[in-house]
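Peer 1: Need the 3D shape of this:
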Amino acid sequence: MFRCKQFVIAQDKCAMKVNTDSLILGSWAKLNNATTVLDVGTGTGILALMLAQRTSDNVLIDAIDIDVSAAQQAQENAVNSPWAHRINVSCSSLQSHTEKSYDVVVSNPPYFDAPHEGSNAYKAQSVQRATARQTSALTPHDLFSYCQRHLKSNGWLNCVYPYSIKAQIINTASEFGLCAVQAMDVSHDEQHEPYLTAYQFQHAHTATPLIVEDALFIRNKAGEYSAAYKALCKPFYLKF
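Peer 2: Sure, this is the predicted structure:
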């Protein structure tokens, strides 16, 4: 179990457990008076629940996952939350998801490439975990293509990808008419290079490209959670 201030996450059925990336994204995502939200690759349902906590009672959240067990777990977590009436969980791929438009799309997608032939790096990895982690199930192309068609004119796409492919992600998004309005590079601490970048994208015709770039250090020099990380995640973490 992972306990937040207003809800609890069971995660025994999910290959990918609650992690720092999702907690950062769910705390930081741009919502801007949204009434319809889509959580892509919901896993435990953590992002759907975080966004439900951050929005008013009229906001409806669809959460999808391609994995049956994950979708079942997310559904259970939603039912046991204060926002069961606002969260709809379904077992579905993004590619086959209903033709519907959204004010906000949020995704902590699988972003590891599948191993090269002959590699033993992922040999013991279950099919369920591989689906949750590897891009073959949901590529950046898939996500940006969907948002090009289904993100409302003034809508926001919030997602995370490895820092090492930042230029690639921004360029790929631009191919689908999406521009990065804000990007936040995430590092474990000041001594390490960023490992992750969180993005807020909008349709290019409604936005100015990359007007803000931020940095977030999860821990300070003493090895404790940084003041910035605590401030960002305080509405959710029990210890903050």
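Peer 1: what about residue 152, neighbour count?
Peer 2: When counting by other Cβ atoms under 10 Å, one arrives at 17 neighbours for residue 152. For glycine as for every other residue, the C-beta is placed from the backbone atoms N, C-alpha and C.
Peer 1: For the remainder of this discussion, apply numbering that starts at 691.
Peer 2: In the new count, where the first residue is 691, that last one comes out as residue 842.
Peer 1: My assumption is that it lies in a helix; please confirm.
Peer 2: No: with DSSP: H, G, I helix; E, B strand; the rest coil as the criterion, residue 842 is located in strand rather than a helix.
Peer 1: from what I can see it touches residue 791, true?
Peer 2: Yes: using Cβ atoms under 8 Å, residue 842 is in contact with residue 791, at 5.1 Å.
Peer 1: Now do the shared contacts for the two.
Peer 2: Common contact partners of residue 842 and residue 791 (Cβ atoms under 8 Å, 6 or more residues apart in numbering): residue 726.
Peer 1: could you pull out the strands for this protein?
Peer 2: 692-693, 698-699, 726-730, 750-755, 777-781, 792-797, 841-852, 868-877, 886-893, 902-907 (DSSP state E).
Peer 1: residue contacts, residue 923?
Peer 2: Counting by Cβ under 8 Å, 6+ apart, residue 923 touches 713-714, 717, 930.
Peer 1: Give me the buried entries from these.
Peer 2: Taking 16 or more other Cβ atoms under 10 Å as the criterion, what is buried in the contacts of residue 923 is 713-714, 717.
Peer 1: ok, and the closest non-adjacent residue to residue 905?
Peer 2: Leaving out its chain neighbours, the residue that sits closest to residue 905 by Cβ to Cβ, 6 or more residues apart in numbering is residue 875, at 5.0 Å.
Peer 1: pLDDT at the one you found, what is it?
Peer 2: In this prediction, residue 875 carries a pLDDT score of 97.
Peer 1: swap in residue 783?
Peer 2: Note on residue 783: pLDDT of 94.
Peer 1: Could you list the low-confidence segments of the protein?
Peer 2: 801-826, 900 (pLDDT under 70).
Peer 1: re the thing from before, quick check, nearest of the contacts of residue 923 to residue 861?
Peer 2: Minimum distance to residue 861 across those is 23.2 Å, recorded for residue 714 (Cβ to Cβ).
Peer 1: Contact partners for the closest one?
Peer 2: Taking Cβ under 8 Å, 6+ apart as the criterion, residue 714 is in contact with 850, 876, 886, 888, 906, 919, 922-923.
Peer 1: Tell me the buried residues within the residues you listed.
Peer 2: Using 16+ other Cβ under 10 Å as the burial test, the contacts of residue 714 include 850, 876, 886, 888, 906, 919, 922-923 as buried.
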